[in-house]
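A.B. asks: A predicted structure for the sequence below; I have some questions about it.
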Amino acid sequence: MKKAIVVKTDGSVNEVWADWDYNQINNEVGGLIEVVEFGDKPYFAYINEEGKLLDLTPNEVATELWYESGQRILLGDFLVGNAVFFGPIDSDGNNTDAPNSLMEELTKIAKRRIRNDA
C-alpha cells in the first residue's frame, strides 16, 4: 500500500492509502495520466493529460503549490482536474509515499484559499 494525497477541484485534500496502480490513478484523474513536476521538490503529481481539452475544472490548490514550487511555468498556466501526489520514484520505477510535509503544505494552501473566498 502506498500513501497518495488527492487534491480535488473543490479544494479538498485527502490522504489515501491504496494499492495504487495505473487503473486506480486513471480513475482518480478521470482519464489518461500526465506527470507534473514541482521544481526540485521531493514529490510529483499525476493529472488528466487531456484535462484542458475536456474543459475540466481548474485545481486552484494544486496550481498554487505548482507556482510556489519554483518549477518553470508559462505565465497564466494552471492545472485542471483532480491531482494525485506521490513522493519521488524509487530506483525500481515505483511511486513512493507522499511526504507528510506535503500534506501540511497542501492543507495550508486549501485553508488560505477558503479564507480568501469568504
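C.D. replies: Received it, and whenever you're ready, just let me know what you need.
A.B. asks: report the longest helix in the protein, please.
C.D. replies: helix 100-117 (DSSP state H).
A.B. asks: Go ahead and name everything in contact with that one.
C.D. replies: With contact meaning CB atoms under 8 Å, 6 or more residues apart in numbering, helix 100-117 is reached by 5, 7, 11-13, 15, 43, 60-61, 64-65, 85. Glycine gets a C-beta too; all of them are placed from N, C-alpha and C.
A.B. asks: from those, which ones fall inside strands?
C.D. replies: Among the contacts of helix 100-117, DSSP state E puts 5, 7, 13, 15, 85 in strands.
A.B. asks: who does the last one bridge with?
C.D. replies: Which is residue 85. Taking DSSP bridges as the rule, residue 85 bridges to residue 5, residue 45.
A.B. asks: give the contact list for it.
C.D. replies: 4-7, 43-45, 98, 102, 106.
A.B. asks: how does it look with 10 Å?
C.D. replies: Listed by CB atoms under 10 Å, 6 or more residues apart in numbering, the contact partners of residue 85 are 3-7, 13, 15, 36, 38, 41, 43-46, 62, 65, 95, 98-99, 102-103, 106.
A.B. asks: Likewise for the fourth one?
C.D. replies: Under the criterion of CB under 10 Å, 6+ apart, the contact partners of residue 15 comprise 3-6, 85, 97-98, 100, 102-103, 106.
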